[in-house]
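Peer 1: Sequence plus predicted model, see below.
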Amino acid sequence: MIEVRGLHKSFGQLQVLKGVSLRLEHGKVLVIIGPSGSGKTTLLRCFNLLEIPDGGSLSIAGLELSFAGNVKLARKDILSLRQKSGMVFQSYNLFPHMTALGNVAEGQITVQKRSRKEAEKRGEVLLAKVGLSDKTGAYPHQLSGGQQQRVAIARAMAAEPEVLLFDEPTSALDPELVSEVLKVIRQLAAEGRTMIIVTHEMRFAADVADTLILMDQGVILEQGTPQQVLEQSENPRVRQFLNRIKGE
Amino acid sequence: MDDRKLQIFLDSLLPLLKAGVAYTIPLALISFILGLLLAVATALVRISAWRIPGLIARFYVWLIRGTPLLVQLFIIFYGLPAAGIVLDPFTAAVIGFTLSVGAYSSEIIRAAVLSVPKGQWEAAYSVGMTRVQALRRIIVPQAVRVSVPPLSNSFISLVKDTSLAAGITYVEMFRTAQQITATTYEPLLLYCEAALYYLLFCSVLSVVQSRLEKRFDRYSAG
């Protein structure tokens, strides 16, 4: 189970998260939507401490961390929390000097201290899972955006994390490549992976989410099933946001 | 060219080559390797948040880049004995060139490390790497590729700069040419001959450079 309570984060004077609390059961999919600048990406990055919150607490699969602006976290806690979450970035961020298989094996070898042979064996299984068995030896620049993002998903799963985090995984893709990435994510959802996804793809969000959260200005405006949020919410700011994206 | 000049030219071909291979190239190689180690340390200290060592590193780069190499060599070889430190010409030259390479190349390495996109650090952290692991496995390999052309330039410059060591009595290739000139009175001939050897050495290095660049290019786009 994953839980955050009272999460705060500021960049200088700008308060980006103003006390966010949520919980997610194992095997469920949480989708976060909201206008840009609402704090959704920052919230996601807090789950693997690419941003360190200023206040509140976070627990993933039994590891509990509390944050206070002036207290530095123990390095050991940061590293072990990061291994409980796998991040998929908007711009893939594959390691360009390694093959697809090298990308998936790297963390396992350097961090989990698996042998290269074992890491590559697991890597091949993961690449097969995202439909790239025939691309294990390709370097990132030889792959399309959609293929690169699928390698990135395999890389994020390599440490067998408790939760997969997706930061607008299709926003950098050409339109015709979006569906191959969404298909992989849907398939992972069907397998019962715990996932937190920030996205602008509303149809996909409604399909895949067990819980949908709409954020605005650093707080959660509405949360519930997709139906509750998208159809039944009476909050005028929620309706305003939904009308605006329908208009697009 | 008359027969006498031709004979002097041919007679000095081998002594100059010997001096180049036995003294110029080792001086350049040793200084470059030590200088690179110094440069990496200096660059890492400057990138890190370590305050006092960072200031020392900046002071060092400022000092070396702001003074002429020949003056530095003179201070080390002719000046330091007054302070009780007597060095042989080779050691003095190695120290001078190492300090020089360390300062200039640290800027190259620093820029190369900073040129790796922030997303690479984040991806490395996200799979659980420490800062040192991220540097070693992800950042440095990409930075090395970026820094091969400018570092090759530094090395080529250094090979030519070793001729300055003639000024502190180190008998490398240029000093050897001077010595032969002293007995034959053919400065134009001998100095042009030495220049040809420098040209030859640097041309070989340029070929090595483009080989290296090709090797590191295999994963880059385009």
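Peer 2: Thanks, I have the structure now. Numbers count the residues shown, from 1 in each chain, chains lettered A, B, ... in the order given.

Peer 1: contacts and neighbour counts: CA atoms only from here.
Peer 2: Will do.

Peer 1: Would you mind listing where chain A has pLDDT under the threshold?
Peer 2: A:247-248 (pLDDT under 70).

Peer 1: and if we set it to 80?
Peer 2: A:69-71, A:246-248 (pLDDT under 80).

Peer 1: all strands of it, in order?
Peer 2: In chain A, the strands defined using DSSP state E lie at A:2-11, A:14-24, A:29-33, A:55-60, A:63-68, A:85-88, A:163-167, A:195-198, A:211-216, A:219-224.

Peer 1: could these go into TSV alongside distance to residue A:242?
Peer 2: Converted to TSV, the strands of chain A look like this (distance: least, CA to CA, whole Å):
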stretch	distance to residue A:242
strand A:2-11	25
strand A:14-24	21
strand A:29-33	10
strand A:55-60	29
strand A:63-68	33
strand A:85-88	26
strand A:163-167	20
strand A:195-198	16
strand A:211-216	10
strand A:219-224	12
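
Peer 1: Let me see the contact set for the residue nearest the centre of chain A.
Peer 2: The centre of chain A sits closest to residue A:165, judged by CA atoms, centre = their mean, with a distance of 1.7 Å. Residue A:165 is in contact with A:44, A:47, A:85-88, A:195-197, counting by CA atoms under 8 Å, 6 or more residues apart in numbering or on different chains.

Peer 1: where does chain A come near chain B, residue by residue?
Peer 2: Applying CA under 8 Å from any CA of the partner chain, we find that chain A lies next to chain B at A:48, A:50, A:79-80, A:82-83, A:85-87, A:93-98, A:107, A:110-111, A:139-142, A:156, A:159.

Peer 1: among these, which ones are buried?
Peer 2: Burial of those was assessed by neighbour count (16 or more other CA atoms under 10 Å in any protein chain shown); the buried members are A:48, A:50, A:79, A:82-83, A:85-87, A:93-98, A:107, A:110-111, A:139-142, A:156, A:159.

Peer 1: Which of these fall in helices?
Peer 2: Counting by DSSP state H, the part of those found in helices is A:79, A:82, A:107, A:110, A:156.

Peer 1: Out of those residues, which comes closest to residue B:93?
Peer 2: Checking those against residue B:93 with CA to CA, the nearest one is residue A:110 at 41.1 Å.

Peer 1: ok, now which ones touch the closest one?
Peer 2: B:129, B:133.

Peer 1: Around the residue nearest to residue A:106 when sequence neighbours are not counted, how many other residues sit close by?
Peer 2: Distance criterion CA to CA, 6 or more residues apart in numbering or on different chains; nearest residue to residue A:106, sequence neighbours excluded, is residue A:119 at 7.9 Å. Using other CA atoms under 10 Å in any protein chain shown, residue A:119 has 22 other residues around it.

Peer 1: same deal with the one 5 residues further on?
Peer 2: Residue A:124 is flanked by 21 other residues according to other CA under 10 Å.

Peer 1: How about residue B:214?
Peer 2: The number of residues packed around residue B:214, counting by other CA under 10 Å, is 11.

Peer 1: any idea which element it lies in?
Peer 2: In the assignment (DSSP states H and E), residue B:214 maps to helix B:187-216.

Peer 1: Same question for residue B:62.
Peer 2: Residue-wise, residue B:62 maps onto helix B:51-65 under DSSP H and E.

Peer 1: what's the burial count for the closest residue to residue A:102 other than its chain neighbours?
Peer 2: Of all residues not flanking residue A:102 in the chain, residue A:120 sits nearest, at 7.6 Å (CA to CA, 6+ apart). Residues lying near residue A:120 (other CA under 10 Å) number 21.

Peer 1: looking at the sheet around residue A:163, what are its partners?
Peer 2: Going by DSSP bridges, residue A:163 is paired in beta bridges with residue A:85.

Peer 1: Can you give me the distance of it to chain B?
Peer 2: 12 Å (CA to the nearest CA, to the nearest Å).

Peer 1: Residue A:160 and chain B, how far apart?
Peer 2: 11 Å.

Peer 1: Can you list phi and psi of the closest residue to that residue other than its chain neighbours for me?
Peer 2: Nearest residue to residue A:160, sequence neighbours excluded (CA to CA, 6+ apart): residue A:84, at 7.5 Å. Torsion angles at residue A:84 (phi, psi; degrees, to the nearest 10) stand at phi -90, psi -10.

Peer 1: got it, and residue A:132?
Peer 2: According to degrees, to the nearest 10, residue A:132 has phi -120, psi 30.

Peer 1: again with residue B:174
Peer 2: phi -70, psi -40.

Peer 1: returning to that earlier point: contacts for the helix holding residue B:62, please.
Peer 2: By CA under 8 Å, 6+ apart, helix B:51-65 touches B:42, B:45-48, B:99-100, B:103-104.

Peer 1: what do you get for stretch A:232-244?
Peer 2: Contact with stretch A:232-244 is made by A:34-35, A:214, A:221-222, A:230, as judged by CA under 8 Å, 6+ apart.

Peer 1: quick one, helices of chain B?
Peer 2: Going by DSSP H, chain B shows helices at B:3-19, B:25-47, B:51-65, B:69-74, B:89-115, B:118-126, B:131-134, B:140-161, B:173-184, B:187-216.

Peer 1: so which of those is the most packed in?
Peer 2: Among those, helix B:89-115 has the highest mean neighbour count (mean count of other CA atoms under 10 Å in any protein chain shown), at a mean of 22.

Peer 1: tell me the angle it makes with helix B:51-65.
Peer 2: Comparing the axes of helix B:89-115 and helix B:51-65 via axes from the mean of the first three to the mean of the last three CA atoms, to 10 degrees yields an angle of 120 degrees.
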